[in-house]
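Q: Need the 3D shape of this:
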Amino acid sequence: MNTAAGSRIQPRHQPPNPDIIYDALFGTNQQILIHEMNPPDDPLRALHDPSCWDAGHPVSQAFERLAEEVRRRRETGIGRLSAKATPTEADFERSRLARRAATFASGEPSSNADLASIGATTWGNPVSAILYAAAQATAHHILRDRTLDEPAVNSAVHETLPRRLSDLAQAYKLARCGLPPGKCLHAGSAKMERTRDHMGADLALVVGANVLGLPRFRVVLVQAKHADGHQRTCADVGRNQGKQLDDLLSTGMGYYLFYPRAVADADGRHTRLLPALRSAPAVFADVATATGASNRYMVGCHARRDGTVDATDFAEFIALSMASDELGVGRLFPCAQSAAASLVVKGEPLVPEVFAVDRTGSLSVLEFLDAMRGHGLETTADAPFTTYEELKVDHEPDFSSSPLMR
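A: Now for the predicted structure:
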């Protein structure tokens, strides 16, 4: 990834809304929208349309490396449903795989629907494809060692996700390729080396997206919890007599990230579901409606107390939920400075690590990282993906006669 001193070529004009293209959760009419994104007479189509790339293309190979990483982890039981799965675990797995299967024309869910979703051509939106692949590989990677405590797993998330995205960005750069018209992606991260965070939350996720047509930074605070060693479908959120939950809830942008426990099946094989997120308000509701004081803070990792599944797996949350039009996800801010300020209380950062992405082209990850450095997160890095506008600049002498280049 680039260091903090890195720079980015700015688009020459405001790009169109990058979220109008088909989205596996919210959109329809995929072929028409893909055609609009990749018109057949575009002279640069071979440089940004994944359907033009064979298996030997550097970007195709980068996606395949991520798919292979997930495949290897699956063989060890990570991301698989146990033969001893509870009804809630089965419902969670069924619902997330059904959403991934919606990416395909058949819409038929399978146990490998999320693995099949890792690819440059699977999604109508290449930015969602990139983020999903990197996040899914990260989720499988961090669960490989069952002995890691929460801080170690959290650090692995912060280190692995930017690295996987940087690998993809480098593949685009190696192939001298870029994103299609109207698509932008710039990833970055920041962490503290010496200072101490104020609240004790583990990670902030910041995504610049067009929300209801307007560019906004969406900010989410993540508090990680391992599932309980005895009740594996639940986790204890009662730290400091519930003060941690109250603090997270009071920010208006809190989420719990639940790391599942490994389950030993009858054949001795261990399986482990993927990390899942639930909002702090949903968790608070479970605490508030508990029937007994003794287990009040023992809440479900995947579902409400009534059994309704409301958890989202980590990769889907990063690639889709954080860029959706849903106003109930996190808090929205119009600029880098206000987004950074939301992560500071009394001059101290709320979290020790931040992962940031811009999908709009009009918000600045570099400005956000600069602001976070001013608030005590000393080490920053970023990975910009080449945009269509930058491709046009690089190839303008070759295509000056094309209407699309004017």
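Q: Distance of the residue nearest the centre of the chain relative to Gln231?
A: For the chain, the residue sitting closest to the mean C-alpha position, by Cα atoms, centre = their mean, is Ile318 at 1.9 Å. Using Cβ to Cβ, to the nearest Å, one obtains 27 Å as the distance from Ile318 to Gln231. No exception for glycine: its C-beta is placed from N, CA and C like everyone else's.
Q: now swap in Gly56 and tell me
A: Taking Cβ to Cβ, one finds Gly56 at 49 Å from Gln231.
Q: Same check on Arg71?
A: Using Cβ to Cβ, Arg71 is found at 31 Å from Gln231.
Q: ditto for Leu143
A: Applying Cβ to Cβ to Leu143 and Gln231 gives a distance of 19 Å.
Q: low-scoring stretches of the stretch 301-406 of the chain, by residue?
A: Within the stretch 301-406 of the chain, the ranges that satisfy pLDDT under 70 run 396-406.
Q: Same question for the chain.
A: 1-41, 103-109, 194-200, 396-406.
Q: Need the single longest helix in it, by residues.
A: Using DSSP state H, we find that the single longest helix of the chain is helix 150-174.
Q: which helices and strands sit right next to it?
A: In terms of contacts (3 or more Cβ pairs under 8 Å, 6 or more residues apart in numbering; DSSP states H and E), helix 150-174 is packed against helix 58-75, helix 126-142, strand 186-191, strand 203-211, strand 214-226, strand 353-358, strand 379-384.
Q: Buried residues of it, list them for me.
A: For helix 150-174, a neighbour-count test (16 or more other Cβ atoms under 10 Å) marks 153-169, 171-173 as buried.
Q: same deal with stretch 338-345?
A: Buried residues in stretch 338-345, counted by 16+ other Cβ under 10 Å: 338-340, 342-344.
Q: for stretch 234-241, same thing?
A: In stretch 234-241, counting by 16+ other Cβ under 10 Å, buried: 234-235, 237-238.
Q: from these, which is closest to Gly208?
A: Nearest to Gly208 among the buried residues of stretch 234-241: Val237, at 29.6 Å, using Cβ to Cβ.
Q: Which residues are in contact with Asp167?
A: 62, 65 (Cβ atoms under 8 Å, 6 or more residues apart in numbering).
Q: repeat that for 10 Å
A: Shown in contact with Asp167 (Cβ atoms under 10 Å, 6 or more residues apart in numbering): 1, 62, 65-66, 134, 137, 383.
Q: Can you tell me which of those residues comes closest to Ala262?
A: Closest approach to Ala262 among these (Cβ to Cβ): Ala137, at 19.2 Å.
Q: Neighbour-wise, give me the winner out of the contacts of Asp167.
A: Neighbour tally across these (other Cβ atoms under 10 Å): the maximum, 28 neighbours, falls on Ala134.
Q: Identify whichever of the helices and strands packed on helix 150-174 lies nearest to His395.
A: Per Cβ to Cβ, nearest to His395 of these: helix 58-75, 17.4 Å.
Q: What helices and strands are in contact with the helix or strand following that closest one?
A: Next helix or strand after helix 58-75 toward the C-terminus (DSSP states H and E): helix 87-101. When contacts are defined as 3 or more Cβ pairs under 10 Å, 6 or more residues apart in numbering; DSSP states H and E, helix 87-101 packs onto helix 113-116, strand 312-313, helix 314-319.
Q: Can you list the buried residues in helix 87-101?
A: 88-89, 91-93, 95-97, 99-101.
Q: Can you lay out these as TSV showing distance to Arg296?
A: What follows is the buried residues of helix 87-101, written out as TSV (distance: Cβ to Cβ, whole Å):
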residue	distance to Arg296
Thr88	19
Glu89	22
Asp91	24
Phe92	23
Glu93	27
Ser95	27
Arg96	28
Leu97	32
Arg99	31
Arg100	34
Ala101	37
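Q: Check the burial of Leu377 by counting its neighbours.
A: The tally of other residues near Leu377 (other Cβ under 10 Å) stands at 26.
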